[in-house]
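[1] 3D model of this:
(one chain, ligands or ions: 1)
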Amino acid sequence: MRAVVITDFHTEPSLADLPVPEPGPGEVLVKIAAAGVNPFDWKVIEGAMRDSVHHEFPLVLGSDGSGIVVASGEPELTDPRFEPGERVFGQFMDVERGRGSYAEYAVVKAAKLARIPEKLDFPTAAALPTAGAAAHDFVEGTGAGPGQCLLVNGASGGVGQATVQLAAGQGIRVIATADPDTGDLLRELGAVEIVDFTAGPTAEQVRAAHPDGIDAVIDLVSTPEQIDEIASLLKPNGAIVSANGAVDRERFAARGLRGSNLYANARPATLASLADAVQRGQLRLRIDYEAPLEEAADALARLKAGKSRGKTVLTVES
Ligand SMILES: NC(=O)c1ccc[n+]([C@@H]2O[C@H](COP(=O)([O-])OP(=O)(O)OC[C@H]3O[C@@H](n4cnc5c(N)ncnc54)[C@H](OP(=O)(O)O)[C@@H]3O)[C@@H](O)[C@H]2O)c1
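    Numbering: from 1, shown residues only. You can find the predicted model right below:
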């Protein structure tokens, strides 16, 4: 089968011909129809997890994917049980075994997958797991409620757009960062205020509009060096969630703030509720860039270079 692999950290992703993997007990083999691309995929290439977990090379890239179940390892031991032909989606990455979703076929634990509802197409389902689960977990992680004021820093990208919609859907007043071209879209998605992050420092602009502070922040862009400035916008006991491990929890607690670093957990129940929200029109996933599997390296480079205004998806034809 064709798969996009790296042969070591910091190597260029390339197309390889690999044997179709065989599912073990509790696992299913999925014929991939589409693979979602996330910043984490290029971070894996750069060794983001090299100190914490073994990586098996050649390593098939990609976390998110959607496709059709082909076989189960030991069907009687597989829970939940998927029949051949069922449409499924979820997170496929398993770096310890060199497994990922940028391939014609992928093996994954059945317990990590959810069924794709009838009205969802494969590219949309492949775009959903990481960005959708992150948005879901981050909004929940702030503890923000109706009427409270939440800044989404980095709202113009894949996770940000989903975060704005899930928060606004809960009655939270969302301030979203955007460039001049994306502000209207984010208002449509539910943001009540837009901060043009290209016009000047976000913190200064938010402070001018909210001198008494805001209740919560979901930060998708700040480094540990940058996050203090954004956290200074919070009221006492305000909550800040970082997507990039930028929060020093104890230091923030000493300042009377609730800080956390969260990592998306695309549980099947979360995936099912996100897919349902998409199907009902309550969550819009904007696919910003679609390319064939063969162009994965370019798609990753494009995402890394910035200007993402939604999700990137690879389509897999076989
Ligand atoms: N912890 C987790 O579980 C988890 C899960 C998913 C994602 N993440 C992380 O969350 C981040 C966002 O992911 P994503 O998929 O949404 O990425 P993305 O699609 O690339 O979006 C990032 C967005 O942030 C904007 N941006 C960059 N600098 C900014 C700034 N200073 N102020 C405001 N906006 C800025 C970018 O615009 P420009 O390109 O114009 O700069 C882009 O629109 C990534 O770092 C990713 O690794 C973490």
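[2] for the longest helix seen in the chain, list every residue counted as buried.
    Of all the segments of type helix in the chain, defined by DSSP state H, the longest one is helix 129-142. Using 16 or more other C-beta atoms under 10 Å as the test for burial, helix 129-142 gives 129-139, 141-142. Glycine gets a C-beta too; all of them are placed from N, C-alpha and C.
[3] partner strands of the next helix or strand after it and their direction?
    Counting by DSSP states H and E, the next helix or strand C-terminal to helix 129-142 is strand 149-153. Strand pairing for strand 149-153, using DSSP bridges, gives strand 173-178 (parallel), strand 214-219 (parallel).
[4] centre of the chain to the last one, how far?
    What that stands for is strand 214-219. Relative to its parent chain, strand 214-219 has a centroid offset of 19 Å by C-alpha atoms, centre = their mean, to the nearest Å.
[5] still on that earlier bit, so what does the longest helix of the chain touch, helix or strand wise?
    Packing partners of helix 129-142 (3 or more C-beta pairs under 8 Å, 6 or more residues apart in numbering; DSSP states H and E): strand 27-37, strand 87-91, helix 158-169, strand 214-219, strand 234-242, helix 268-279.
[6] returning to what we had before: including mean pLDDT, mean neighbour count and distance to Asn38, could the strands paired with strand 149-153 go into JSON lines?
    Formatted as JSON lines, the strands paired with strand 149-153 follow (pLDDT from 0 to 100; neighbours: other C-beta atoms under 10 Å; distance: least, C-beta to C-beta, whole Å):
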{"stretch": "strand 173-178", "mean pLDDT": "98", "mean neighbour count": "26", "distance to Asn38": "19"}
{"stretch": "strand 214-219", "mean pLDDT": "98", "mean neighbour count": "25", "distance to Asn38": "17"}
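[7] do you know which of the ones you listed lies nearest the ligand?
    When the strands paired with strand 149-153 are compared by C-beta to the nearest ligand atom, strand 173-178 sits nearest the ligand, at 3.9 Å.
[8] what angle do that closest one and helix 158-169 make?
    Counting by axes from the mean of the first three to the mean of the last three C-alpha atoms, to 10 degrees, strand 173-178 points 160 degrees away from the direction of helix 158-169.
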